[in-house]
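> Return atomic coordinates for the entry below.
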Amino acid sequence: MQNSRKHNKKSIRSFVKRSGRLTKSQKNALQDYSSNYILDTNNTNTDLKACFDSDQHNLVIEIGFGDGAALIESALKYPDKNFIGIEVYDSGLGQCLNAINQHKIKNIRLIYGDAVEVLEQFITKKSVEKINILFPDPWPKKRHHKRRLINKEFLALLSKSLKNKGIVNISTDWEDYAQQIELTFKESNQFKEIKSELRDLKTKFEKKGIKLGHKIFNYSYQLT
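Predicted structure coming up:
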């Protein structure tokens with residue numbers, strides 16, 4: 001598995017890399033399937049279209065796909081689209097790789113790395129139809145809010161990656177993060193809010209939030 005390029009030390013990451021335990025199945029998946037499905041972001045000349053078995057031009061990206069359940073469901077539901085999932089945790093990558101192999105899915109590729117770095121340096125500009133960000137780390141403590149992924153700079157990055165009228169879907173179960181998301185997009189002159197897209201599957205973090213009694217906030221924004 002290839003690591004993404006070295007990150008600028010001055011930038012603030014939206015995640016902290018923790019060394020979680022891997023199951024035997026996840027370890028085996030990383031060993032056996034990484035070369036087939038994980039893209040090498042060190043190669044900036046990669047033709048993303050050539051990475052897939054189909055010549056579809058509709059590209060959907062999911063940032064922080066967790067265990068990959070929503071990503072897998074979407075790829076199975078929309079075989080006419082190509083999907084890229086970005087994740088930094090080995091356990092999630094291993095879990096998703098197992099599911100891809102089990103279902104013999106041809107329209108998913110994964111990237112191991114920081115989404116900011118990947119969008120900045122690897123994803124072709126104006127090539128993405130849709131970007132899904134489902135339950136990003138809420139960084140609930142006030143002193144950690146600066147680590148939250150959704151900010152003015154990140155919106156500018158999304159706008160460069162999306163095609164004309166491309167869509168961003170965001171979900172969170174933290175009310176103050178929802179307020180920040182609303183304000184950040186409202187202050188942007190690059191997006192307009194549209195009717196939120198419905199999801200058939202609840203993610204692991206969504207189920208956890210519901211169990212805690214949290215309200216779920218779903219947003220969809222279109223590039224203007």
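
> what's the weakest-modelled helix or strand in the protein?
helix 204-211 (a mean of 91; mean pLDDT, DSSP states H and E).

> which parts of it are buried?
205-206, 209 (16 or more other CB atoms under 10 Å). Where C-beta positions appear, they are placed from N, C-alpha and C, glycine not excepted.

> Nearest residue to the middle of this protein?
Ile63 (0.9 Å; CA atoms, centre = their mean).

> can you map out the strands along this protein?
59-63, 82-87, 108-112, 128-134, 162-172, 191-194, 217-223 (DSSP state E).

> in this structure, which ranges drop under the pLDDT threshold?
1-20, 45, 54-56 (pLDDT under 70).

> what about 90?
1-21, 41-58, 144, 189, 197-205 (pLDDT under 90).

> could the strands of the chain go into TSV alongside distance to Thr44?
Shown next, in TSV, are the strands of the chain (distance: least, CB to CB, whole Å):
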stretch	distance to Thr44
strand 59-63	17
strand 82-87	15
strand 108-112	13
strand 128-134	17
strand 162-172	19
strand 191-194	27
strand 217-223	24
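
> Which of these sits closest to Gln121?
Nearest to Gln121 among the strands of the chain is strand 108-112 (11.2 Å), distances taken as CB to CB.

> Touching that closest one from outside, list them.
With CB atoms under 8 Å, 6 or more residues apart in numbering as the test, strand 108-112 has contacts from 1-4, 37-39, 41, 51-52, 71-72, 75, 82-88, 93, 96-97, 100, 118, 122.

> Quick one: buried ones out of these?
4, 37-39, 41, 52, 71-72, 75, 82-88, 93, 96-97, 100, 118, 122.

> The nearest residue to Arg199 once chain neighbours are set aside: neighbouring residues, count only.
Spatial nearest neighbour of Arg199, excluding adjacent residues (CB to CB, 6 or more residues apart in numbering): Ala70 at 6.9 Å. The local packing of Ala70 (other CB atoms under 10 Å) involves 23 other residues.

> for the one 10 residues further on, same thing?
Residues within reach of Asp80, counting by other CB under 10 Å, total 8.

> how close does the closest residue to Ser127 other than its chain neighbours get to Lys142?
Distances taken as CB to CB, 6+ apart place Leu59 nearest to Ser127, at 5.9 Å, with adjacent residues excluded. As judged by CB to CB, to the nearest Å, Leu59 and Lys142 stand 36 Å apart.

> which one of those two has more residues nearby?
Taking other CB under 10 Å, Leu59 and Lys142 do not tie; Leu59 has more neighbours (25 against 8).

> before we move on, back to that, restrict the least confident helix or strand of the chain to CA atoms and write it as PDB.
Written as PDB, here are the backbone C-alpha positions of helix 204-211 (Å, rounded to 0.1, in the frame of the first residue of the first chain):
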ATOM      1  CA  LYS A 204     -22.100   3.000  11.500                       C
ATOM      2  CA  PHE A 205     -21.600   6.500  12.900                       C
ATOM      3  CA  GLU A 206     -25.200   7.500  12.000                       C
ATOM      4  CA  LYS A 207     -26.500   4.500  14.000                       C
ATOM      5  CA  LYS A 208     -24.300   5.500  16.900                       C
ATOM      6  CA  GLY A 209     -25.500   9.100  16.800                       C
ATOM      7  CA  ILE A 210     -29.200   7.900  16.800                       C
ATOM      8  CA  LYS A 211     -28.500   5.600  19.700                       C
END
